[in-house]
Every structure is written in C-alpha cells, then in structure tokens.
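Visitor: Below are the sequence and a predicted model; questions follow.
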Amino acid sequence: MTEFVDKTVLTRAPPARRVTAPSLAEARALAVLAGPLIVTQLAQMAVFTTDVILLGRYSRMALAAAAIGNTVYYFAWLTGGGPAFAVAPMIAQIRGLTPHNRAGVRAATRMGLWAVIIVCTPMLVLLWQTKAILLACGQDPVLAASAGAFVRMVALGLPFSLGFRALGSFATAVGKPRAAMWVMAATIAFNAIVGYALIFGHFGAPRLGIVGSGTATALSSLFSFLTLSAAIHADKDLAAYRIFRRFTRPAVDKLKEVFRLGLPMAMTMMFEAMLFNVMTLVMGSFGVAPLAAHQIALNVASITFMVPLGLGMASTVRVGLAAGAGDVHGARRAGLTAMTIGVGFITLCGAVMALWGGPIASLYVGGRAVQDLQVIAMAAVFLKVAAAFQVFDALQVVAAQSLRGLKDARAPMFIAGGAYWLVGAPTCLVLAFSFGMKGLGVWIGLAVGLAAAAALLTARFLVLTWRRQL
C-alpha cells in the first residue's frame, strides 16, 4: 500500500462502524449518489457543446483557434483539478472514521480551495503565454494569435472553475451531490445566453467573436462558483459545515495531503488525456475523413462514458467512507459493485455502437456526398472497436476512482503512465504505420492501452482490499 493510503483505517474495524449492507443495498446507495453526478457530467458536456456550436456558427477559424487554445488551457485545468478532486476522498475517510467531525471536513475543504489558489497562480502566468507556446509548437500565426486572445479571457475563470470542483467534491462527499447538479444545469442556460450575446453582439453587447466566447466561459465559471457557494449557504445540512469560516486559517497537514493526493491524480488524468490528444494529431496525418470519423466516434464514446465516470466519482466516496470506518469488506464491496454496474451499462452501449454504428455516425454528418459517406463508414468501423474500448474505459475509470477512496494515488499514476505510454501509444503507432492499419490501428491501440490500465488498476484495488482482510 502506498504512502497515500491511510494505513490506520484499514486495520481498525470498530463493530459499530462496519458497513454491513449487502451488495444490493450498496448498489442502491451507489445509484442515489451517482445519479446526480452523472447528470452533472452530462451538463458540463452540454456547456462545452454549446460553446462549439456558437463558435462554429460564428466562423470555422474561430472554432479552430478555440480548439488549439483549449489544449493549453486543459493542461492547466488538469494540473489544478487534481488537488480539487482530492477533497472528496479526504472528506469521505474523515466522515467514515468520525461521522460528525465537521471541523475536519471544513479544514479539508478549505485547504482544497487554498490549493486551487496556489496552483492557479503559476497556471495563469502560463496561460497568458498561450500565443507564444502555440507559435513555438509550429501553429499557424493567425490561429495562434486568436487562440492566445481566447485563452487569456478563459484563464480568468480558471480559479472559479477549479473552485467549483472543490466545492462540488465537498458536497458530494457529505452526501449532497444534487447541489452541483442544479448549479451546472443553470450554468448551461447562463453560458448559452452570455455566449450568444458576446460572440454575436446581441442584447446590446459588443460583437467580440472568439474573445466573447472566452469571456462568456470565464463568466460562466464565476457564475457556477458563486451559485454553488450560495446553494451551500442556503442548504441547512451543507451550511452546518461553515466551510468558509476562518478561511485564512491554515491547516498544514491537510494542505500537504491535498497536494500529496492531488498532484498524482492530476498526472494520472494527464497521461490519458495526452495519449488521446497525440493520437488525434496522428489521425489528422491520415486526412480529413479519418480525423472527422475519429472525432465522431470519440464524441459518442464520451457521452456514454459519463455514466461510469459518475459511478466512479460515487465509488470514491463510498469506498472512502468504508475505509475511514476501517471496514475493508465494505470498501471492497463498494468498489466492485461500482465496477460491475459500470461495465454492465457500458456493455449495452457497446452493443448498440457495434450494431448501429452507421446510423449513429450519420447523425453527425448532414450531407450524403462521397466524402460524407466515407466519414460515416469509417466512424462505423471505429465505433465497433469502441464497443470493446468502452468496456475497458469504464473499468479503468471506476477502478481508479475506487483507489482514490483508499487514498491510493501514486501507484495509479505509474500504472496510467505505463499502460498509456509504454503499451497504448506504441501499439497505436505500430498498428497504424508498420502494419498500415492507419485509423483502425490507432483505435485498436487505444483499446489495448485502456485494457492494460483496466487490468492493472483493478488488480491493484483487489490486492489492497484483500491483504488486509478483517
């Protein structure tokens, strides 16, 4: 067990705190927690999709500039996202050990917000140099300039976006995930209205184009953070924690723990995100049609992926509660139940993708010219691979999130690095180029990398919840 696992919680098991619910009851508890989290993830996708639609209607140049600018922004967001996500397992174990320890929960949340502020300072400096970074990477100067202007505005919302994540982790860990869900639903409407106004110059606003999109995104991040803060204050159960009380008081041990857990979490997410970003560039080298088909297949897979992702986030809390109570049986049951449900759901989705890939892809392509039919045909093939790809993806994300509940962060980071970059990436390149399989080879390689990650992360969880049986 790594240094990030609380080595005391899985060796004590006070009978009064044991989780004795059977698997069916665990599944119900997991579903209650995961439902709002899944909706929240889908709502966040809706916000992103709205931005894409609005910029696409403004100009293809603006859409392309925002796409390359977001690659830089996403790096900064992932770096800060790790410490924000670390709040959930910390609180879950605190509550599992001492359910009424509001001071501990408050300190963990406060230090999560401190970590966001600390990380955002250098990240804002980095994002301010987006134009120079893109030029150094050989991007078109016009696109780099537009992307730089876009990211400079989006960057202003980074602290609030990550702050929302930290507050959402708090609300979820104390059993109130609906707060973030309703706020994100409201953010969809806010972002659409403000983006429409600032991009196109409606409702008396200036016509700012891509800069308007960046401004709307930053304002939406501010809106979601302030609205969730207000919702927490208005909710009697959440307000009882008084998370902003004595905000300037440090809790050094908790701050260290946020970074010990959060930075490896950020690296784990980065390893996977970087693999997909690099392989998207590889797909672009095969032509427009393979790249378009790749994006369609990824978008379909991303939508269905929100369910296992939400289940995984819920499993972090359920596993953490059991681990905090010293109940290794309960922790194991929570993780395996989430894995079973996630894989079961995604298997059904995979069957739909494999059987009806063509009709699904045709929803994304309006025309029926030769080039359009080529994209649809390629996407249908990729979706067949995605049927297996998704099963592995669901298993790895739930396993990784369950390990977070055990405060196991460093080993999953190394597993992700090895699975994605020592197994997945080489397989993609060998199949695509050496075997001449091109786009299909990339997709098979991605599936192989995810399969390796799923196997190793699941094995890691089973080992950690087996060798300390009570």
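Guide: Thanks, I have the structure now.

Visitor: residue boundaries of the helices in the stretch 201-350 of the chain?
Guide: 210-234, 236-239, 252-284, 288-324, 328-355 (DSSP state H, counting those that start in this stretch).

Visitor: between those helices, which one is nearest to A25?
Guide: Closest approach to A25 among those (C-beta to C-beta): helix 328-355, 9.7 Å. The way it works is simple: take the backbone N, C-alpha and C, and place the C-beta from them, glycine included.

Visitor: now, of the helices of the stretch 201-350 of the chain, which is deepest in the fold?
Guide: helix 288-324 (a mean of 24; mean count of other C-beta atoms under 10 Å).

Visitor: list the helices and strands that helix packs on?
Guide: helix 23-58, helix 60-97, helix 158-173, helix 252-284, helix 328-355, helix 357-362, helix 370-405, helix 438-464 (3 or more C-beta pairs under 8 Å, 6 or more residues apart in numbering; DSSP states H and E).

Visitor: what would these look like in TSV with distance to G320 and mean pLDDT?
Guide: Shown next, in TSV, are these (distance: least, C-beta to C-beta, whole Å; pLDDT from 0 to 100):
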stretch	distance to G320	mean pLDDT
helix 23-58	12	87
helix 60-97	3	88
helix 158-173	7	95
helix 252-284	11	90
helix 328-355	8	92
helix 357-362	37	88
helix 370-405	4	90
helix 438-464	13	95
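
Visitor: looking at those helices, which is closest to A189?
Guide: Comparison of these against A189 by C-beta to C-beta identifies helix 23-58 as nearest, at 9.5 Å.

Visitor: What residues sit buried inside the closest one?
Guide: Taking 16 or more other C-beta atoms under 10 Å as the neighbour-count basis, helix 23-58 is seen to contain the buried residues 26-27, 29-30, 33-47, 50-51, 54-55, 58.

Visitor: Which residues are in contact with the closest residue in space to V47 that isn't next to it in sequence?
Guide: Nearest residue to V47 in three dimensions, chain neighbours excluded: N191, at 5.1 Å (C-beta to C-beta, 6 or more residues apart in numbering). Contacts for N191 (C-beta atoms under 8 Å, 6 or more residues apart in numbering) come out as V47, T50, D51, A216, T217, S220.

Visitor: how about a markdown table for the residues you listed, with distance to A377 added?
Guide: A markdown table is the format used below for the contacts of N191 (distance: C-beta to C-beta, whole Å):
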| residue | distance to A377 |
| --- | --- |
| V47 | 31 |
| T50 | 29 |
| D51 | 29 |
| A216 | 37 |
| T217 | 35 |
| S220 | 37 |
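
Visitor: what's the closest of those to A65?
Guide: Looking across the contacts of N191 and measuring by C-beta to C-beta, the closest to A65 is D51, at 12.5 Å.

Visitor: so that closest one touches G69, yeah?
Guide: No: in this structure D51 lies outside contact range of G69 using C-beta atoms under 8 Å: 11.6 Å.

Visitor: So which residues make contact with stretch 284-299?
Guide: 276, 280, 283, 361, 364-365, 371, 374-376, 378-379, 381-383, 386, 432, 438-439, 442-443.

Visitor: Buried among the residues you listed? Need that as a selection in PyMOL.
Guide: To isolate the buried ones among the contacts of stretch 284-299 in PyMOL, judged by 16+ other C-beta under 10 Å, type:
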select buried, resi 280+283+361+364+365+374+375+376+378+379+381+382+383+386+432+438+439+442+443
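
Visitor: Count the residues that sit near P359.
Guide: Using other C-beta atoms under 10 Å, P359 has 11 neighbouring residues.

Visitor: The chain should start at 2 in everything you say after this.
Guide: Will do, 2 is the new start, and the previous item becomes P360.

Visitor: Who's the closest spatial neighbour of G425, skipping the chain neighbours?
Guide: G450 (1.9 Å).

Visitor: I'd say the one you found and P427 touch.
Guide: No: judged on C-beta under 8 Å, G450 makes no contact with P427 at a distance of 9.1 Å.

Visitor: Look at those two and report which has more neighbours.
Guide: G450 (31 against 13).

Visitor: care to break the chain down by domain?
Guide: Listed domain ranges for the chain are 35-251, 265-471 (source: automatic domain parsing).

Visitor: Can I get these in JSON lines including distance to K257?
Guide: Shown next, in JSON lines, are the domains of the chain (distance: least, C-beta to C-beta, whole Å):
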{"stretch": "domain 35-251", "distance to K257": "9"}
{"stretch": "domain 265-471", "distance to K257": "13"}
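
Visitor: How many neighbouring residues does A417 have?
Guide: 26.

Visitor: contacting residues for it?
Guide: Here A417 is in contact with M268, T269, F272, E273, A401, A454 (criterion: C-beta under 8 Å, 6+ apart).

Visitor: circling back to that earlier point, now the helices and strands packed on helix 289-325 in TSV, with distance to A315?
Guide: As requested, the helices and strands packed on helix 289-325 are arranged in TSV below (distance: least, C-beta to C-beta, whole Å):
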stretch	distance to A315
helix 24-59	4
helix 61-98	10
helix 159-174	8
helix 253-285	17
helix 329-356	7
helix 358-363	28
helix 371-406	8
helix 439-465	15
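
Visitor: for those, which one sits closest to A133?
Guide: Of all the helices and strands packed on helix 289-325, helix 61-98 sits nearest to A133, with 10.4 Å by C-beta to C-beta.

Visitor: After that closest one, heading C-terminal, what element do we hit next?
Guide: Per DSSP states H and E, the first helix or strand lying C-terminal to helix 61-98 is helix 103-128.

Visitor: following that next one, which helix or strand comes up?
Guide: Counting by DSSP H and E, what follows helix 103-128 is helix 131-137.

Visitor: Now do the same for that following helix: mean pLDDT, whole number.
Guide: Helix 131-137 comes out with an average pLDDT of 89.

Visitor: quick one: contacts for the residue nearest to G425?
Guide: Per C-beta under 8 Å, 6+ apart, neighbours of G450: L276, A420, Y421, V424, G425, A426, T428, C429.

Visitor: Which ones among those lie within helices?
Guide: Judged by DSSP state H, the contacts of G450 include L276, A426, T428, C429 as members of helices.

Visitor: And the residues you listed, which two are furthest apart?
Guide: Longest span within the ones in helices among the contacts of G450, C-beta to C-beta: L276 and T428, 10.9 Å.

Visitor: Output the helices of the stretch 202-351 of the chain in CSV; the columns should cover distance to D141.
Guide: Listed next are those as CSV, based on distance: least, C-beta to C-beta, whole Å:
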stretch, distance to D141
helix 211-235, 14
helix 237-240, 47
helix 253-285, 14
helix 289-325, 16
helix 329-356, 35
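
Visitor: shouldn't G113 be in contact with V259?
Guide: Yes: G113 is within contact range of V259, at 5.6 Å (criterion: C-beta under 8 Å).
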